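A.B. asks: Please work out how this folds:
(2 chains)
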Amino acid sequence: EPEVTQTPSHQVTQMGQEVILRCVPISNHLYFYWYRQILGQKVEFLVSFYNNEISEKSEIFDDQFSVERPDGSNFTLKIRSTKLEDSAMYFCASSGGLAGPTDTQYFGPGTRLTVL
Amino acid sequence: DAKTTQPNSMESNEEEPVHLPCNHSTISGTDYIHWYRQLPSQGPEYVIHGLTSNVNNRMASLAIAEDRKSSTLILHRATLRDAAVYYCILRAITNAGGTSYGKLTFGQGTILTVHP
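C.D. replies: Numbering: from 1, shown residues only, chains lettered A, B, ... in the order given. Below is the predicted model:
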């Protein structure tokens, strides 16, 4: 069964450093998403991406964050200058986008980001 | 976004049915009701969705009240593997150029504990 994959599974970085989290969405999907979950808290939407541009973003997704689909398979989230409060589990998701509001999002296993 | 209310936690015994309630009294006529779950240390996983009629799939059933102000996710025979956080989510379509089929807005969900 096709699945969303994410690398690395755990990333440790120093405050102020740049990190890139990588995702390989399901191959024929058209819509891509990033969510994050701070330990013990709810899953929060960050950004959605379609047709090579951001279609929606949350207040969390400020200028420190960017997304890119550098080739036909990868979808990346970059945090330019990490802060302690960026420590969280980051989930990538993708959806086919063909069925409108019934569209199912498929989530990856997550990348745990730890900022020291 | 219309809001959902779920109990913080529920418990069940293995092989017994589980009814997980969700209230969504401000639901709009075009909102679909989606259920996702998050197993421990994993990304969220789609369970089921519906609009007005009750729905069944291999994982669960969804019973939707006639006025659509509430719904119930039914696990017919809970297994230990069903222990997870269950999220009831109303799926809103955003109109960012008509290209986004909507973020998922997660609440705190219901923590389901299944006892052997």
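A.B. asks: quick one, strands of chain A?
C.D. replies: Under the criterion DSSP state E, strands of chain A are mapped to A:5-7, A:10-13, A:19-24, A:31-37, A:43-50, A:53-57, A:65-68, A:75-79, A:88-95, A:106-107, A:111-115.
A.B. asks: rank those strands by pLDDT, which is bottom?
C.D. replies: Mean pLDDT across these is lowest at strand A:53-57; the value there is a mean of 90.
A.B. asks: Nearest the geometric middle of the chain, what residue?
C.D. replies: I'll assume chain A. When C-alpha atoms, centre = their mean is applied to chain A, the residue found nearest the centroid is A:Trp34 (2.9 Å).
A.B. asks: meant chain B actually
C.D. replies: The centroid of chain B falls nearest to B:Trp35 when counting by C-alpha atoms, centre = their mean (2.6 Å).
A.B. asks: quick one: that residue and B:Leu62 touch, right?
C.D. replies: Yes: if you go by C-beta atoms under 8 Å, B:Trp35 and B:Leu62 touch, sitting 6.6 Å apart. Every residue, glycine included, has its C-beta placed from N, CA and C.
A.B. asks: thinking again about what came up before, okay, the residue nearest to the centre of chain A and A:Ala88: tell me how far apart.
C.D. replies: Distance, A:Trp34 to A:Ala88, by C-beta to C-beta, to the nearest Å: 11 Å.
A.B. asks: One more: A:His29?
C.D. replies: According to C-beta to C-beta, A:His29 stands 24 Å off from A:Ala88.
A.B. asks: which one of the two has more residues nearby?
C.D. replies: A:Ala88 (22 against 19; other C-beta atoms under 10 Å in any protein chain shown).
A.B. asks: Tell me who's in contact with that one.
C.D. replies: A:Arg36, A:Gln37, A:Ile38, A:Leu39, A:Arg112, A:Leu113 (C-beta atoms under 8 Å, 6 or more residues apart in numbering or on different chains).
A.B. asks: Tell me the one of those residues nearest chain B?
C.D. replies: Nearest to chain B among the contacts of A:Ala88, counting by C-beta to the nearest C-beta, is A:Gln37 at 8.5 Å.
A.B. asks: hey, what's that closest one bridged with?
C.D. replies: A:Val43, A:Met89 (DSSP bridges).
A.B. asks: Point me to the residue of chain B nearest chain A.
C.D. replies: B:Gly43 (3.3 Å).
A.B. asks: Name the nearest residue to that residue, ignoring sequence neighbours.
C.D. replies: Spatial nearest neighbour of B:Gly43, chain neighbours left out: A:Phe107 (3.3 Å); criterion: C-beta to C-beta, 6 or more residues apart in numbering or on different chains.
A.B. asks: Could you count how many residues lie near that neighbour?
C.D. replies: 23.
A.B. asks: Ends of stretch A:103-116, what's the gap?
C.D. replies: 38 Å (C-alpha to C-alpha, to the nearest Å).
A.B. asks: residues of it that come out buried?
C.D. replies: Burial within stretch A:103-116, assessed by neighbour count using 16 or more other C-beta atoms under 10 Å in any protein chain shown, is assigned to A:Asp103, A:Thr104, A:Gln105, A:Tyr106, A:Phe107, A:Gly108, A:Pro109, A:Gly110, A:Thr111, A:Arg112, A:Leu113, A:Val115.
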